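**Student:** structure, please.
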Amino acid sequence: MEKFAKDAPPLKWQMERSWKFSKLADPRYQPYHPSESQNLTQSNLDRAQNRLVIAGSFLILGLMAIFLRLIDVSLWNSSTSPRTTQSFINTNLAIVKRADIVDRNGVILATSLPTYSLYANPREMLDRAEAAAKLVKVFPDLNYDQLLNRFVSDRSFVWVKRNLSPAQSQVIWRLGIPGLQFVQEERRGYPLGSLVAHVVGFTDVDNKGLSGIERSFDSQLTETGEPLRLSIDIRIQHIVKQELSTAIKDFSAIGGMGLVLDVRTGEVLAMVSLPDFDPNNPSAASPEELFNRNTLGVYEMGSTFKIFNTALALDSGLVKITDQFDPRIPIKVGGFVIHDYERVNRMLTVPEIMMLSSNIASARMAMVIGSKKQQEFFEKIGLLDSVSLELPELAHPLYPKVWRDISAMTIAYGHGIAVTPLHLAVGVSAIVNDGKFHPATLVARSPHDVVANREVIKIQTSQQLRQIMRLVVESGTGKKADLGGYFVGGKTGTAEKQIAGAYKKDSRLASFISIFPVYEPRYLLLVMVDEPKPNATSHGFATGGWVAAPVSGRIIKRLAPLLDVLPVSDMPAVFVQNNIFIKTSLAGE
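**Tutor:** Numbers count the residues shown, from 1 in each chain. As a prediction, the model looks like this:
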């Protein structure tokens, strides 16, 4: 121990030696060599630069990816919904596109639009009460209790809402409620709203036709996919509706209707019934608005029926155009009395009976023919059966079960028989179209179509009736429809309506049926105003001559140019060659 202690170095030396070795081991105390330090610094700079290049490359690639995604979304992806929502759309249900309905010029009247409907699978819902509460906030028209009752059922499919708007769809996406899914469907849309509502009709939520053309052609519209072209001309439809609406307002009427027919083909160019409705929301319409007065309304047509009575009398050969009848004494049959609106104290010829619209003289003329021939003639021109037309809303006429003499007399001037306005229009169309009867149609015909027809009166009788109808407008009760060079012919009608089985004097149906040009008829117009009230412009009258005739004149003046009917200065000589324009005391009045 003593030897070891004696030979050991001193403690101070050991500590200095240990410090020296530790200092040499520490890089901070290495000897300084300038060349080596420069190499180390350059290496670090190179390494840092490489890292910056790599990081910058990744940054540029990321920005490019974001930029390309923005272009993809904004330019090529037309959907406003995020792609992550596509998994919520059920595409298993096949969508069958319902064909468009267009007017004769190709204007869209009805079309199908893509839409989404919302349904639920209650089995997949986490909190059904919460889901129902959230949905009712989005759709206030839904009932919370009813919706929750459907959700607590054991069903796997429950409709929540059909045909959602885009805004509603987006709200539902954001809610993220489990168990809710969308299905792509179609919704029927009517771009022109109420303008052709009674013609086109509407569908239910499942696109099944419920009324009008939509119902009549339901299968064809679903199966063919080809647009259905109607005979309606939307331009003419607009004119008729606008002028008829003005008349209803001016005379404080409860409604009205208007029809335009092509007498050569039977095509219906316009069919307006007021009031009307919006087929995009038919549930909001009242029964009165849904009612098509043209085909469902059955009315006593009044003096417009004198056209049929006169045509039958002349065509039978039992009455000549120069024959005279006595209107001076009212006719009493049982408890009935037939009288005239305005008394005439002289004998009247056949044209004058129409011009002055004498009920008494018309009844006397009917008795020359007899009730049996009258009934047979009315059946021949389609007044005793439902009219033929491509609509489901068709009414059957009302007429006596037993056709007695008193029936024949009152029917001669439009009382005792009730038909639809379309019955009247189709019947008169046959009378003025050289006696050829064409069934009416709402489907556009091709110029090469052969139109079926049958003869109901002789051509000569048709020419005589047209000339008499011209006299009615020129010198009779239809003066306010006269348009000079368009040579309009027509007949006024004023019928009292039956209420609770009795005629009510102040409840009238004012009408005017016209043709133009009368020397070569191509178009027929029927205007009827329901329960018009007299006003200052009508001098206290609310008859067909004061209410419906002026409306008809305004309509014809606007639509004639659209139909390529131009005014002429003189009546063609061929039309007056039979010289049946006999001199009457009314001429020139």
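**Student:** next, count neighbours for the closest residue to residue 195 other than its chain neighbours.
**Tutor:** Nearest residue to residue 195 in three dimensions, chain neighbours excluded: residue 237, at 6.0 Å (Cβ to Cβ, 6 or more residues apart in numbering). Where C-beta positions appear, they are placed from N, C-alpha and C, glycine not excepted. Applying other Cβ atoms under 10 Å, we find 25 other residues in the vicinity of residue 237.
**Student:** over to residue 439?
**Tutor:** Neighbouring residues of residue 439 were enumerated by other Cβ under 10 Å; the total is 14.
**Student:** tell me where the stretch 351-500 of the chain has helices.
**Tutor:** Here the stretch 351-500 of the chain has its helices, by DSSP state H, counting those that start in this stretch, at 359-369, 371-380, 405-411, 421-432, 459-475.
**Student:** between those, which gets nearest to residue 303?
**Tutor:** Closest to residue 303 of the helices of the stretch 351-500 of the chain, according to Cβ to Cβ: helix 359-369, at 7.5 Å.
**Student:** before we move on, back to that, ok, residues contacting the helix or strand in which the residue nearest to residue 195 is found?
**Tutor:** Remark: residue 237 resides in helix 234-250, with elements defined by DSSP states H and E. Residues external to helix 234-250 that are found in contact with it (Cβ atoms under 8 Å, 6 or more residues apart in numbering): 103, 105, 107, 109, 192, 195-196, 253-258, 260, 269-272, 274, 527, 529, 532, 535, 537, 547-548, 550-551, 554-555, 558-559, 562-563.
**Student:** format the helices of the stretch 351-500 of the chain as CSV; extra columns: distance to residue 325 and mean neighbour count.
**Tutor:** Listed next are these as CSV, based on distance: least, Cβ to Cβ, whole Å; neighbours: other Cβ atoms under 10 Å:
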stretch, distance to residue 325, mean neighbour count
helix 359-369, 4, 22
helix 371-380, 16, 17
helix 405-411, 12, 21
helix 421-432, 20, 27
helix 459-475, 14, 23
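**Student:** could the ones you listed go into CSV alongside mean pLDDT?
**Tutor:** Rendered in CSV, the data for the helices of the stretch 351-500 of the chain read as follows (pLDDT from 0 to 100):
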stretch, mean pLDDT
helix 359-369, 96
helix 371-380, 96
helix 405-411, 94
helix 421-432, 97
helix 459-475, 95
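**Student:** of all the ones you listed, which lies closest to residue 217?
**Tutor:** Shortest distance between residue 217 and the helices of the stretch 351-500 of the chain, using Cβ to Cβ, is found for helix 421-432: 18.6 Å.
**Student:** how far off helix 459-475 does the closest one point, in degrees?
**Tutor:** Here helix 421-432 runs at an angle of 110 degrees relative to helix 459-475 (axes from the mean of the first three to the mean of the last three Cα atoms, to 10 degrees).
**Student:** who are the packing partners of helix 421-432?
**Tutor:** In terms of contacts (3 or more Cβ pairs under 8 Å, 6 or more residues apart in numbering; DSSP states H and E), helix 421-432 is packed against strand 255-262, helix 306-316, strand 436-437, helix 459-475, strand 502-516, strand 523-530.
**Student:** one more time with 6 Å, if that's ok
**Tutor:** Under the contact definition 3 or more Cβ pairs under 6 Å, 6 or more residues apart in numbering; DSSP states H and E, helix 421-432 sits against strand 255-262, helix 306-316, strand 523-530.
**Student:** got JSON lines for those, with mean pLDDT too?
**Tutor:** Below are these laid out as JSON lines (pLDDT from 0 to 100):
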{"stretch": "strand 255-262", "mean pLDDT": "97"}
{"stretch": "helix 306-316", "mean pLDDT": "97"}
{"stretch": "strand 523-530", "mean pLDDT": "98"}
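**Student:** hmm, back to that, nearest to residue 304 among the helices of the stretch 351-500 of the chain would be which one?
**Tutor:** helix 421-432 (6.0 Å).
**Student:** now do the closest one and helix 371-380, the angle between them.
**Tutor:** Computed by the same axes, to 10 degrees, the angle between helix 421-432 and helix 371-380 is 100 degrees.
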